[in-house]
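In: build me a model:
(one chain, ligands or ions: 1)
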Amino acid sequence: MTLLDSQLEELRRATLAAFASAGSVEELEESRVGALGRKGTLAQISKEFGKLPPEDRAQLGKLLNSVKQDLETEYEQKKRRFEQTELTDRLAKEWLDVTLPAPGVHPGSLHPITQLQNEIEDLFTSLGFAVLDGPEVETEEHNFDALNIPPSHPARDMQDTFWLSNGHLLRTHTSPVQVRGMRKLGPPLRMIAPGRVFRNEEVDASHEHTFYQLEGMMIDRDVSVAHLIYFMKTLLSSIFKREVTVRLRPGYFPFVEPGFELDIHCLICDGAGCSVCKQSGWVELMPCGLVHPNVLRMSNIDPEEWNGFAFGLGLTRLAMMRYGIDDVRLLQSGDLRFLMQF
Ligand code: PHE
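Out: The predicted structure follows:
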């Protein structure tokens, strides 16, 4: 064994040990350059090679190649292992469950009154009713006169009106849309009109100056109270998702004759009596009635030929009942803690 032989053996041992203890790709690379690089130990030993007598060259050449081979193979393997660990580390760190809900993001939702309104619109559309819209700033004629409430009529005091300086007003109910519907579409007519209404009232837990109603009207030949009751029951069972018991009490509104207050069996206590229904077992929900002949006449409909029913659903009140909301002011507060519950 020549000196070069032992140098080569030493190079193999030392470099393999260096590869084994390398803690990073950089360290590994450093050892490789030291041993196999252009100016590395192996290159230096190779220079000596030429000086050897020919008979020694063959044997040393073999050893040289085998050392080079070993080191290169080991280097490649170790390098691949580093790359592997790097990849698994990265995958472990960047792992992501795309089905998890994003933290802190609230997707937003429709206001409870809007949800209710959409449901009722769907129902009535399926029953052949048109959904009409009317202005919130109304004329006195549409809001009062055409609904059989002339200027001197005491019924005007029933609704505290916001008057505007130009003589118009903020509509106090959605009933003026009845007038617009009759005049625009004529009989036969099936329409509903959801919307915002305004009353100049003291605000407290059960009174708001701004709230929502949903007006309904059907005009045809031979419409009776039985039709009215049928549609009201259909409406209420669809909203409350169960059969509801209703009763009609006489109620006065100048634009209907006869006029009723429709009550439902209290859904909280099933009619037994509780604080919500003030122990009566009944909750007042919806004024309604058969359209007054004067109202038809003022909108160019002949009451000898046509008649109909109308109702005014308190959307705000209904939303409060459905969701158990005990303060009407919450609905318009814009308070996210309240809204995010829907
Ligand atoms: N417009 C009436 C109100 O707001 C309610 C109503 C509508 C009554 C339709 C009868 C028929 O008080």
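In: ok, residue 252 to residue 296 distance?
Out: 19 Å (Cβ to Cβ, to the nearest Å). Yep, even glycine has a C-beta here, placed from its N, CA and C like the rest.
In: and the end-to-end length of stretch 126-142?
Out: 28 Å (Cα to Cα, to the nearest Å).
In: list the buried residues in it.
Out: By neighbour count on 16 or more other Cβ atoms under 10 Å, the buried set for stretch 126-142 is 129, 132, 134, 138, 139, 140, 142.
In: which residues does the closest residue to the ligand within the chain bridge with?
Out: Nearest residue of the chain to the ligand: residue 312, at 2.6 Å (Cβ to the nearest ligand atom). Following DSSP bridges, residue 312 is listed with bridge partners residue 215.
In: okay, and which of the buried residues of stretch 126-142 map to helices?
Out: 140, 142 (DSSP state H).
In: just the pLDDT at the residue of the chain closest to the ligand, thanks.
Out: Residue 312 is assigned a pLDDT of 96 by the prediction.
In: what does this structure put close to the ligand?
Out: 173, 175, 253, 256, 287, 288, 289, 310, 311, 312 (Cβ under 6 Å from any ligand atom).
In: what two of those residues are the furthest from one another?
Out: 173 and 289 (13.7 Å; Cβ to Cβ).
In: and residue 252 and residue 296? Which one has more around it.
Out: residue 296 (22 against 14; other Cβ atoms under 10 Å).
In: so who does that one touch?
Out: By Cβ atoms under 8 Å, 6 or more residues apart in numbering, residue 296 lies in contact with 182, 219, 302, 303, 306, 307, 308.
In: which secondary structure element contains it?
Out: helix 293-298 (DSSP states H and E).
In: what's the answer for residue 219, then?
Out: Residue 219 belongs to strand 210-220, assigned by DSSP H and E.
In: helices along the stretch 151-300 of the chain, start to end?
Out: Under the criterion DSSP state H, counting those that start in this stretch, helices of the stretch 151-300 of the chain are mapped to 176-185, 225-240, 293-298.
In: give me the lowest-pLDDT entry from the buried residues of stretch 126-142.
Out: Ranking these by pLDDT, residue 140 lands last with 94.
In: what residues are bridge-paired with the residue lying closest to that residue once chain neighbours are set aside?
Out: The shortest distance from residue 140 to any non-neighbouring residue, by Cβ to Cβ, 6 or more residues apart in numbering, is to residue 169 (6.3 Å). In this entry, residue 169 is beta-bridged to residue 138, residue 163, by DSSP bridges.
In: and the pLDDT for residue 169?
Out: 94.
In: same check, this time on residue 207
Out: 83.
In: excluding chain neighbours, what is closest to it?
Out: residue 201 (4.9 Å).
In: thought the one you found was touching residue 172?
Out: No - using Cβ atoms under 8 Å, residue 201 and residue 172 do not qualify as a contacting pair, with a distance of 10.2 Å.
In: give the residues shared as contacts by these two.
Out: What both residue 201 and residue 172 touch, as defined by Cβ under 8 Å, 6+ apart, is the set residue 160.
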